[in-house]
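Engineer: model the following, please.
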Amino acid sequence: MTQTTTRVLEPSDLGAALAILESEPVANAFVTSRVHVAGLDPWRLGGEMWGWYADGRLRSLCYSGANLVPICAGPEAVRAFADRARRAGRRCSSIVGPAEPTALLWRHLEPSWGPAREVRANQPLMVTESLSADVTPDPLVRRIRKNETDVLMPACVAMFTEEVGVSPLAGDGGLLYQARVAELIGAGRSFARIDDGKVVFKAEIGAATPQACQIQGVWVAPEHRGQGLSETGMAAVVRFALADVAPVVSLYVNDFNTPARKAYRRVGFRETGAFMSVLF
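Structural biologist: Here you go, the predicted model:
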């Protein structure tokens, strides 16, 4: 009979955890990038990494921080992670990850954690390894400089509010969000086109590992929408990403956002799976 157990991983478990994370480099890019930087120390990582063991071997992970993220988790591991999360109580603002285990995790947790503010059950995961020949990158899209944080910030707030449905300035006045924006600018992973002192298009490379990176925060100023800027802007960001960051570029998008999905396909992305997000 298979013996299973779940525990909080320690820094000495780093090698085994990375082996699991890197077995699915695109789907796990977000958590892998954090672990590469912070290791498994909860204080540096911003949360705990739970490990599920079967017959003494680490098989699955779950990141428990601002997000709850199941990683390479089958039904038995998901059930164990749900039991642990239920006992701890909800500390996260969302559950997010590959659609199948995330949906199962939410089914286990909804009776005690529900209702959610919003459930996005199907968010296509899209990837590309090359530039499209059909879309010319916008030459005016460039890396944001550190002294341009104040110029970029209103666009970041507008994007977040539009996408998530709440302002990132709520609660702590936006201190954590501003720190994250500044972090990406400092890392050279924030891009925008700025015309007459205002952001017209922006996007960031939020997660980055040697194997894959993930674009996030794509936004076009409302008065400039419908002009193809999302396509040419994204093509520019993909060019930067492939040249400087990783050989595979990914993103995930809401299934109901048909214009964005069409634009990303024209830029060269293809759908390879699906994510799910539960927002609180």
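Engineer: okay, now the unreliable bits of the stretch 151-280 of the chain?
Structural biologist: Nowhere does the stretch 151-280 of the chain drop to pLDDT under 70.
Engineer: helices along that one, start to end?
Structural biologist: Along the stretch 151-280 of the chain, the segments classed as helices by DSSP state H, counting those that start in this stretch run 170-173, 175-186, 229-244, 258-267.
Engineer: which one of the ones you listed is the most hemmed in?
Structural biologist: helix 229-244 (a mean of 21; mean count of other C-beta atoms under 10 Å). Every residue, glycine included, has its C-beta placed from N, CA and C.
Engineer: next one: that one to chain centre, how far?
Structural biologist: Here helix 229-244 shows a centroid-to-chain-centroid distance of 18 Å under the convention C-alpha atoms, centre = their mean, to the nearest Å.
Engineer: elements contacting it?
Structural biologist: Using 3 or more C-beta pairs under 8 Å, 6 or more residues apart in numbering; DSSP states H and E, the elements in contact with helix 229-244 are strand 190-195, strand 198-208, strand 213-220, strand 249-252, helix 258-267.
Engineer: now the last one and helix 229-244, what's the angle there?
Structural biologist: Per axes from the mean of the first three to the mean of the last three C-alpha atoms, to 10 degrees, the angle that helix 258-267 makes with helix 229-244 is 40 degrees.
Engineer: now helix 258-267 against strand 213-220, angle please.
Structural biologist: Interaxial angle, helix 258-267 versus strand 213-220 (the same axes, to 10 degrees): 130 degrees.
Engineer: helices or strands up against helix 258-267?
Structural biologist: For helix 258-267, the elements it packs on are strand 118-128, helix 229-244, judged by 3+ C-beta pairs under 8 Å, 6+ apart.
Engineer: tell me the angle of the longest one relative to strand 118-128?
Structural biologist: Orientation note: helix 229-244 sits at an angle of 60 degrees relative to strand 118-128 (the same axes, to 10 degrees).
Engineer: next, the angle from helix 229-244 to strand 190-195.
Structural biologist: Helix 229-244 and strand 190-195 are oriented at 140 degrees to each other (the same axes, to 10 degrees).
Engineer: with just CA atoms, put helix 229-244 into CSV.
Structural biologist: The C-alpha trace of helix 229-244 is given here as CSV (Å, rounded to 0.1, in the frame of the first residue of the first chain):
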residue,chain,number,x,y,z
LEU,A,229,-0.9,48.2,-31.1
SER,A,230,-1.4,45.1,-29.0
GLU,A,231,0.0,43.0,-31.9
THR,A,232,3.0,45.2,-32.8
GLY,A,233,3.7,45.9,-29.1
MET,A,234,3.5,42.2,-28.2
ALA,A,235,5.8,41.4,-31.1
ALA,A,236,8.3,43.8,-29.7
VAL,A,237,8.2,42.3,-26.2
VAL,A,238,8.5,38.8,-27.7
ARG,A,239,11.5,39.8,-29.6
PHE,A,240,13.1,41.2,-26.4
ALA,A,241,12.1,38.0,-24.5
LEU,A,242,13.6,35.6,-27.0
ALA,A,243,16.8,37.5,-27.4
ASP,A,244,17.5,38.2,-23.7
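Engineer: if we can go back for a sec, can you tell me which of the helices and strands packed on helix 229-244 is most buried?
Structural biologist: strand 249-252 (a mean of 26).
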